[in-house]
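Participant: Turn this into a structure:
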Amino acid sequence: MPDKTSSSGGERSERRNHHKRQIMGREVVVAITDGNLHLGPWEHIFYYEFDGRRKKRVLVKIIGE
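Facilitator: Below you'll find the model as predicted:
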């Protein structure tokens, strides 16, 4: 059990948010053909911000034709 007196609330919050991001993952690979996403009936793409609003970068990599 971590000692709650050893770090500030901000540090604990940052650590907690980092763990959430690690569990949820930070990237997704999807197939797109003729402008349509290939998702199954129960598949969805969600975006969560655990560490507050800040500048983000999106990287799109196209593989194939």
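
Participant: Report the central residue of the protein.
Facilitator: Taking CA atoms, centre = their mean, the centroid of the chain lies closest to Arg26, which sits 3.5 Å from it.

Participant: quick one: contacts for that one?
Facilitator: By CB atoms under 8 Å, 6 or more residues apart in numbering, Arg26 lies in contact with nothing. Where C-beta positions appear, they are placed from N, C-alpha and C, glycine not excepted.

Participant: Check the gap between it and Gly52 for me.
Facilitator: Arg26 sits 15 Å away from Gly52, going by CB to CB, to the nearest Å.

Participant: so where do the strands sit in this protein?
Facilitator: For the chain, the strands defined by DSSP state E occupy 32-33, 36-37.

Participant: Lys61: which of these is closest?
Facilitator: strand 32-33 (11.8 Å; CB to CB).

Participant: for that closest one, the distance to its chain's centre please.
Facilitator: Computed by CA atoms, centre = their mean, to the nearest Å, the chain-centroid distance of strand 32-33 equals 22 Å.

Participant: Same question for stretch 32-39.
Facilitator: Using CA atoms, centre = their mean, the offset of stretch 32-39 from its chain centre is 21 Å.

Participant: Contacts for that stretch next, please.
Facilitator: Contacts for stretch 32-39 (CB under 8 Å, 6+ apart): 30-31, 45.

Participant: One more pass at 10 Å, please.
Facilitator: Stretch 32-39 is contacted by residues 30-31, 43, 45, 62, 64 when judged by CB atoms under 10 Å, 6 or more residues apart in numbering.

Participant: gap between Phe46 and Met24?
Facilitator: 9 Å.
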